[in-house]
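Asker: quick one: sequence plus predicted model below, questions after.
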Amino acid sequence: MTERKARPVGINHVALEVGNIQEAMDFYRGFLDFEIDSQSETAAFVYFGDQFINFSAGRKQGPDDNRHFGIAVDDKPLAIERLKAMGVTLLDGPFTDFLDPWGNRVELTTYTNIQFTKSDAVLNGMGLSHLKKSEEALKELAEKGMAP
């Protein structure tokens with residue numbers, strides 16, 4: 001008999017250490033359109049619908065190599081254009097990765113092309129109800145019995 005364990009449902013948030021909260025908000029707002037839920041000198045909470053990033057002041061470690069987190073966007077080419085206009089260098093490799101000014105490695109991905117799915121209610125609330133999954137993403141979801 002196997003021991004019963006809690007099943008993960010998803011990732012509620014990521015805590016990201018930065019050097020300065022206001023500078024971090026300015027940087028991330030340079031390529032992303034979001035509202036700040038709350039902000040102080042030591043922390044900021046930025047929601048992407050039903051998930052959030054908790055920005056926290058005090059990063060002390062060096063730049064990330066492989067450790068990273070991904071942000072799914074509605075328009076990846078636009079995000080890349082904005083990052084380049086900001087002088088951000090994209091890292092070599094098969095994905096769209098870059099380092100923020102504090103060395104946090106970020107990967108950009110297109111929401112429509114990945115399995116990660118928000119409910120219709122959340123997409124509507126975010127003003128993104130027009131987003132539809134690609135055939136490949138739907139196929140991957142169907143193979144797991146999770147196609148909408």
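Answerer: Looks like it arrived, so ask away.
Asker: host element of residue 138?
Answerer: Taking DSSP states H and E as the definition, residue 138 sits inside helix 135-143.
Asker: what sits up against that helix?
Answerer: 112-115, 117, 133, 147-148 (CB atoms under 8 Å, 6 or more residues apart in numbering). In this view, the C-beta of every residue, glycine as well, is placed from N, C-alpha and C.
Asker: average pLDDT across it?
Answerer: Averaged over helix 135-143, pLDDT sits at 94.
Asker: list the buried residues in it.
Answerer: 137-138, 140-141 (16 or more other CB atoms under 10 Å).
Asker: pull the most distant pair out of those.
Answerer: Using CB to CB, the two most remote members of the buried residues of helix 135-143 are 138 and 140, lying 7.3 Å apart.
Asker: ok so, going back, switch the buried residues of helix 135-143 over to TSV; also include distance to residue 90.
Answerer: Below are the buried residues of helix 135-143 laid out as TSV (distance: CB to CB, whole Å):
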residue	distance to residue 90
137	23
138	28
140	25
141	28
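Asker: elements contacting the helix or strand containing residue 45?
Answerer: Using DSSP H and E, residue 45 maps to strand 43-48. When contacts are defined as 3 or more CB pairs under 8 Å, 6 or more residues apart in numbering; DSSP states H and E, strand 43-48 sits against helix 21-29, strand 36-39, strand 51-57.
Asker: nothing else from me, thank you.
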